[in-house]
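Participant: Sequence plus predicted model, see below.
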Amino acid sequence: MTEIRTTMTPEEKFDAIANLKERLEDNFVALGELLSEIKRMRLYRFRGYDNFKDFVEAEYQLSATLANRLAGTFDLYVEDMDLDEMSIKEIGFERLQLIRPMVHKADWEVREEWIKKAEETPTNELRQEIKEIRKQEKEDNKDAKMIFIEQYFEKMTSWLNCSKTELNFKLALFFQDADLDDMKKIIRERQREFEQSTE
């Protein structure tokens, strides 16, 4: 792969991307390498573009999101983790994308575990496992205020038998003539009590 960088002119790299795009799944590593270098070295300027996004979208009808994912896949798995191209291809672009958030900032041991898991686990199972992990992380990261808000919405939507949107409308009706100064005072007192109780 390093030969691509040292022997090709910018124009040859541009042509290579157009050809490789047609066989994306078979060539996502090579395509990612080219895109990574063009982005890093700002080679898109040779074609008169000010940024990478405009370059890939205009020249190759390739979304900037996909182009960045391809380049990012190469940067993470080849440049950073030093995985060989054969292993990366066997895992496949989709599964590499699935595990990328789990691998990106993890330590080496965790990274290796995820690579092994991606090699051995079917895509659907891998997607489901990651979905469950992220859901659990989200639950774990909820603070007391978010829990209170969710409980409040659940209680009020059940009591008034309405959706959250409808609840907002009903609350607006209820509070439209309220004394705002009194409301502010009550909220301040109750917020202080709540924060003290959760410390």
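Facilitator: Nice, I can see it. Numbering: from 1, shown residues only.
Participant: in this protein, which spans are helices?
Facilitator: Applying DSSP state H to the chain gives helices spanning 2-7, 10-21, 24-41, 52-60, 64-73, 85-91, 93-103, 108-120, 123-140, 144-160, 164-175, 180-197.
Participant: Format those as CSV; extra columns: mean pLDDT, mean neighbour count and distance to residue 79.
Facilitator: In this view, the C-beta of every residue, glycine as well, is placed from N, C-alpha and C. Shown next, in CSV, are those (pLDDT from 0 to 100; neighbours: other CB atoms under 10 Å; distance: least, CB to CB, whole Å):
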stretch, mean pLDDT, mean neighbour count, distance to residue 79
helix 2-7, 59, 9, 11
helix 10-21, 80, 16, 17
helix 24-41, 89, 20, 8
helix 52-60, 95, 18, 17
helix 64-73, 94, 19, 10
helix 85-91, 88, 15, 12
helix 93-103, 93, 19, 13
helix 108-120, 93, 14, 14
helix 123-140, 88, 12, 23
helix 144-160, 86, 12, 38
helix 164-175, 89, 11, 45
helix 180-197, 83, 10, 46
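Participant: if I pick the residue nearest the centre of the chain, what's in contact with it?
Facilitator: In the chain, the centroid-proximal residue (CA atoms, centre = their mean) is residue 101; its distance is 6.8 Å. Contacts for residue 101 (CB atoms under 8 Å, 6 or more residues apart in numbering) come out as 130, 134.
Participant: Could you measure from it over to residue 53?
Facilitator: 22 Å (CB to CB, to the nearest Å).
Participant: How about residue 96?
Facilitator: Counting by CB to CB, the gap from residue 96 to residue 53 is 22 Å.
Participant: what do you get for residue 19?
Facilitator: 21 Å.
Participant: And residue 182, by the same measure?
Facilitator: Counting by CB to CB, the gap from residue 182 to residue 53 is 52 Å.
Participant: Domain ranges for this protein, per the record?
Facilitator: 2-140, 144-197 (automatic domain parsing).
Participant: ok, for residue 56, nearest residue in space, not its chain neighbours?
Facilitator: Closest residue to residue 56 apart from its sequence neighbours, by CB to CB, 6 or more residues apart in numbering: residue 67 at 4.2 Å.
Participant: Assess the claim that the one you found and residue 32 are in contact.
Facilitator: No: using CB atoms under 8 Å, residue 67 is not in contact with residue 32; the gap is 9.0 Å.
Participant: what does stretch 121-134 rub up against?
Facilitator: Taking CB under 8 Å, 6+ apart as the rule, stretch 121-134 contacts 92, 94-95, 98-99, 101-102, 117-118.
Participant: Mind doing that once more with 6 Å?
Facilitator: 94-95, 98 (CB atoms under 6 Å, 6 or more residues apart in numbering).
Participant: Report the contact partners of the closest residue to residue 30 other than its chain neighbours.
Facilitator: Nearest non-adjacent residue to residue 30, counting by CB to CB, 6+ apart: residue 20, 5.8 Å away. Residue 20 makes contact with 27, 30-31, according to CB under 6 Å, 6+ apart.
Participant: That's all I had, so thanks and see you.
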